[in-house]
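Q: what would the 3D arrangement of this be:
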Amino acid sequence: MFSYCANPSELDTFRWLSCYLTTGVHMKFYLSFGVVLLLLALTAPLALLFGFGGAVASRSRFLPLSLLGKTYTAMVRGIPDIAFFLFFVIALDQGLEWLRHQALCPDWTEPIRQGANFLVCPQAKLPQSASPQMFHEIYNFSLAVFTFAIVFGAFAANVLYGAMQAVPRAQIETAEAYGMTPRQAFRRVLVPQMWIYALPGLSNLWMILIKATPLLFLLGVEDIVYWARELGGSKTARFSDYPHPDWRLWYFLGLLVFYLAMTRVSEIVLGRLTRRLSRGQATMAGEELRRA
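A: Now for the predicted structure:
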């Protein structure tokens, strides 16, 4: 990046570090922090949407829909995250390729499943082998976002279901006594009041989601853990211009600071959101605000 970086072996310590920390691979490392933040920004609302749908389905009086919601919640919550991530991503990827294979290659005669191999026609591959690397990264990242949303949506569904049950039944009965239909009472009374009961559980889920982002590495996404391991290692050939001892301790220490900072900022934001949602609510926090 700097003009004096042409010959790293002749640089003093400060200049060597300035050149080392501004290499192209380090720029990818810095960009990977944005990838983690983007994952959180996309996964949180999508998981909340899955959770709300699962909670509403679990409360449904229509038995098949209720069983679907409860099965989704119980099944995903009962499977270890790593096992689900590794299985679901492969299954989803192969499912999409199978659908494309059926649509694009109807004359294909060879079996798709050949032992441990899954073979589809070249046109059905996702993404295409000739596609730019950016499309491969976007595809892997999209699978990761969807998988994270499915997993944390199941936990959010359990939290939101409990929050809906926590809203006093008298509130709903009063709304219906004033002439509201069950749907109106659900939309105007139950949903606005359930968030204060759901927020503690959702706050914990948010913290767990932050801590789960290193699992991106298992899903084929070059995240901050991947680059910290690659850059910190002492035997990585691609960084031979800047040889150094094993610095993984310092790189992972930087990740520790990053995650602690994310946690602290989240605590501040969630605390303010809790105070805002507690206004006018028949809860201990709401009563403290009323007295204040």
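
Q: which residues are in contact with Y4?
A: L11, R15, C19 (Cβ atoms under 8 Å, 6 or more residues apart in numbering). C-beta: built from backbone N, CA, C; applies to glycine.

Q: please list only the buried members of those.
A: Among the contacts of Y4, those classed as buried by 16 or more other Cβ atoms under 10 Å are L11, C19.

Q: straight-line length of stretch 112-125, end to end?
A: 12 Å (Cα to Cα, to the nearest Å).

Q: now swap in stretch 103-121 and tell me
A: First residue to last in stretch 103-121 (Cα to Cα) measures 11 Å.

Q: again with stretch 73-85
A: 16 Å.

Q: quick one: mean pLDDT for it?
A: For stretch 73-85, the mean pLDDT works out to 86.

Q: hang on, the earlier thing: which of the contacts of Y4 fall in helices?
A: Among the contacts of Y4, the residues falling in helices (DSSP state H) are R15, C19.

Q: just put the contacts of Y4 in CSV and tack on pLDDT and distance to A44.
A: Shown next, in CSV, are the contacts of Y4 (pLDDT from 0 to 100; distance: Cβ to Cβ, whole Å):
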residue, pLDDT, distance to A44
L11, 71, 43
R15, 83, 42
C19, 83, 38
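
Q: looking at the contacts of Y4, which is nearest S266?
A: Proximity of those to S266 (Cβ to Cβ) peaks at C19, which lies at 35.2 Å.

Q: any idea how far R229 is from the residue nearest to the closest one when sequence neighbours are not counted?
A: Computed as Cβ to Cβ, 6 or more residues apart in numbering, the closest residue to C19 that is not its neighbour in sequence is C5, at 3.8 Å. According to Cβ to Cβ, to the nearest Å, C5 and R229 sit 24 Å apart.

Q: do the same with S266
A: Here the criterion is Cβ to Cβ. By it, S266 lies 25 Å from R229.

Q: the closest residue to L202 other than its chain neighbours: neighbour count?
A: Using Cβ to Cβ, 6+ apart and skipping residues adjacent in sequence, the residue nearest L202 is V159, 5.8 Å away. When neighbours are counted by other Cβ atoms under 10 Å, V159 registers 22.

Q: now do the SS call for D93.
A: helix (DSSP: H, G, I helix; E, B strand; the rest coil).

Q: and the helix or strand hosting the residue nearest to L202, what does it pack onto?
A: Secondary structure from DSSP states H and E places V159 in helix 133-166. Packing contacts for helix 133-166, counted by 3 or more Cβ pairs under 8 Å, 6 or more residues apart in numbering; DSSP states H and E, involve helix 24-59, helix 63-77, helix 81-104, helix 191-212.

Q: go through it and flag the buried ones.
A: 139-141, 143-161, 163-164.

Q: show me what contacts M164?
A: Shown in contact with M164 (Cβ under 8 Å, 6+ apart): A55, R59, L190, M194.

Q: kindly report the same for V221.
A: Taking Cβ under 8 Å, 6+ apart, we find V221 in contact with V35, E137, N140, F141, A144.

Q: repeat the analysis, applying 7 Å as the threshold.
A: V35, N140, F141, A144 (Cβ atoms under 7 Å, 6 or more residues apart in numbering).

Q: now it: how far from A116?
A: From V221 to A116 the distance is 24 Å (Cβ to Cβ).

Q: am I right that V167 is in contact with M194?
A: Yes: in this structure, V167 is within contact of M194 by Cβ atoms under 7 Å, at 5.4 Å.

Q: neighbour count: those two, which is higher?
A: M194 (22 against 17).
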